[in-house]
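Colleague: Okay, predicted coordinates and the sequence, questions at the end:
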Amino acid sequence: MIVRLAWRSIWRNRRRTIITTISIGFGLAFALFFISFADGVYVQMINDGVRVQAGHVTIEHRDYRDAPAVDLYLAQSTPIRERIAKLPDVESTKLMLLGQGVAKTGLGTVGVAVIGVEPSSEARTSPLVKQIIDGRYLMDEDDALVVVGEKLAARLKLKVGKKLVLTTNDANGALTEELCRVAGIFKTGVDEIDGYLMQAPLSFLRRLYKLPPDGATQLGVVLKKPEAQKRVMSQIKPMLKDTPAAVYPWQEILPELASYVKLDKGSNVIFQAILMFLIFFTIFNTILMSILERQKEFAVLLAVGTRPSSLRGQILLESFFLGLIGTCLGLLVGGLASYALQVYGLDITKFYGEGVSISGFAISPIVHARLTPGLVLTVGGLVLAVTIILSLIPMRRATNISIADTLR
């Protein structure tokens, strides 16, 4: 009977019920959309960063972090790589050789960061491959070919097929140089990348830096799911026993990106907390006003013998029904909006221009939301639970009214 009374009571005043459920629903939809959007940006930012660099997990010489140099390389990377590739959480592995040098043409000289890559592996994982605007990306059979950033090409007056000389110091400290040709030009829109970065086949840079056929400064591990990072690291550590290598998470390899994500997440949590507070305040205000408007009704019910506990149960069920309807509405609207953004994405170049970078790392101009069942259940359950809890305050007031004074 109490359930029937509660359900009928909320529809006796349809306008109030509709306003209440819409307030709950659209507040929840707004919160769900922005939380999923923020999570999607963080995931995409990290994914783009680690795939251009050395993966979610990186194996390096244990002294390389303190003094990066090509002479601190992994001498026998193939056996370890083969074992790591068999781990169930690993999507792919990639060898990289990081170095510095000077790029020279007859029209200029520029200091550059040089990355030696395995072209076929890089083509499967790195978003940089999709940002070639002229020429082509590297292939496994290439030798003295490089891809350069658009601004670097402009400084050195380079075009596809043109020559440049790359000068550097090899692993023994001796000065060495090689003649290269430009295979392609990429554009990320980030000056730090487009103006100073150059990629070349790993085999070519091994010859340039006088490294052995198996040598590389980094062995990167790209994971199927970033959440498996700690588990994979614990599985890799025993493989590196009795070797000079060490395993690192991407947070140590890319500290600027990790710091930005941590800081931005903190500020975003504050924004989300303010948003949820406004939603809960609206819910509380709506429920309180509905209770105050029905003082005479409650007085009549108490006067004819209704137990206070039964009245409290009815009010609690009314709040539950309102919260349930509003939560379903919010999850439907917010879920559909978030899912659409997850599938189709949002082109942020309309707001930020052509290039978007975070701490010197280019991110994709098309950002996607990240809507998960866990997020839907957490946000929806929180709003429904808080709606019921907030109803306890006005519910107590409704059963403590003075019957005679109210009816008079």
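Modeller: Thanks, I have the structure now.
Colleague: longest strand of this protein?
Modeller: For the chain, the strand with the greatest residue count under DSSP state E is strand 90-105.
Colleague: Distance from that one to the middle of the chain?
Modeller: Mean-position distance between strand 90-105 and its chain equals 25 Å (CA atoms, centre = their mean, to the nearest Å).
Colleague: quick one, strands of this protein?
Modeller: Under the criterion DSSP E, strands of the chain are mapped to 57-61, 90-105, 108-117, 132-135, 145-149, 163-169, 175-186, 197-201, 218-223, 245-249, 346-347, 357-358, 361-362, 366-367.
Colleague: Same list (those strands) but as CSV, adding mean pLDDT.
Modeller: Formatted as CSV, these follow (pLDDT from 0 to 100):
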stretch, mean pLDDT
strand 57-61, 89
strand 90-105, 88
strand 108-117, 88
strand 132-135, 89
strand 145-149, 91
strand 163-169, 90
strand 175-186, 90
strand 197-201, 90
strand 218-223, 88
strand 245-249, 88
strand 346-347, 76
strand 357-358, 58
strand 361-362, 58
strand 366-367, 78
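Colleague: any chance of those strands in JSON lines, plus distance to residue 276 and mean neighbour count?
Modeller: (Glycine included, C-beta is placed from N, CA and C.) As requested, the strands of the chain are arranged in JSON lines below (distance: least, CB to CB, whole Å; neighbours: other CB atoms under 10 Å):
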{"stretch": "strand 57-61", "distance to residue 276": "35", "mean neighbour count": "25"}
{"stretch": "strand 90-105", "distance to residue 276": "35", "mean neighbour count": "20"}
{"stretch": "strand 108-117", "distance to residue 276": "43", "mean neighbour count": "19"}
{"stretch": "strand 132-135", "distance to residue 276": "44", "mean neighbour count": "15"}
{"stretch": "strand 145-149", "distance to residue 276": "43", "mean neighbour count": "26"}
{"stretch": "strand 163-169", "distance to residue 276": "54", "mean neighbour count": "18"}
{"stretch": "strand 175-186", "distance to residue 276": "42", "mean neighbour count": "18"}
{"stretch": "strand 197-201", "distance to residue 276": "42", "mean neighbour count": "25"}
{"stretch": "strand 218-223", "distance to residue 276": "32", "mean neighbour count": "24"}
{"stretch": "strand 245-249", "distance to residue 276": "31", "mean neighbour count": "18"}
{"stretch": "strand 346-347", "distance to residue 276": "23", "mean neighbour count": "14"}
{"stretch": "strand 357-358", "distance to residue 276": "26", "mean neighbour count": "16"}
{"stretch": "strand 361-362", "distance to residue 276": "31", "mean neighbour count": "23"}
{"stretch": "strand 366-367", "distance to residue 276": "23", "mean neighbour count": "15"}
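Colleague: okay, these in a markdown table with distance to residue 329 next?
Modeller: Written out in a markdown table, the entries for the strands of the chain read as follows (distance: least, CB to CB, whole Å):
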| stretch | distance to residue 329 |
| --- | --- |
| strand 57-61 | 43 |
| strand 90-105 | 38 |
| strand 108-117 | 50 |
| strand 132-135 | 46 |
| strand 145-149 | 49 |
| strand 163-169 | 61 |
| strand 175-186 | 46 |
| strand 197-201 | 49 |
| strand 218-223 | 37 |
| strand 245-249 | 41 |
| strand 346-347 | 24 |
| strand 357-358 | 35 |
| strand 361-362 | 39 |
| strand 366-367 | 26 |
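Colleague: So for residue 82, which of these sits nearest?
Modeller: When the strands of the chain are compared by CB to CB, strand 90-105 sits nearest residue 82, at 8.8 Å.
Colleague: Quick one: the helices in the stretch 151-300 of the chain, in order.
Modeller: Using DSSP state H, counting those that start in this stretch, the helices found in the stretch 151-300 of the chain span residues 191-194, 202-209, 229-236, 250-253, 255-292, 295-303.
Colleague: what comes up buried for the fourth one?
Modeller: To tie it back to what came earlier, the one meant is helix 250-253. Buried residues in helix 250-253, counted by 16 or more other CB atoms under 10 Å: 250-251, 253.
Colleague: Quick one: residues contacting the nearest residue to residue 194 once chain neighbours are set aside.
Modeller: The shortest distance from residue 194 to any non-neighbouring residue, by CB to CB, 6 or more residues apart in numbering, is to residue 149 (3.5 Å). Applying CB atoms under 8 Å, 6 or more residues apart in numbering to residue 149 gives the contacts 185-188, 193-198.
Colleague: Right, I'll call it a day here.
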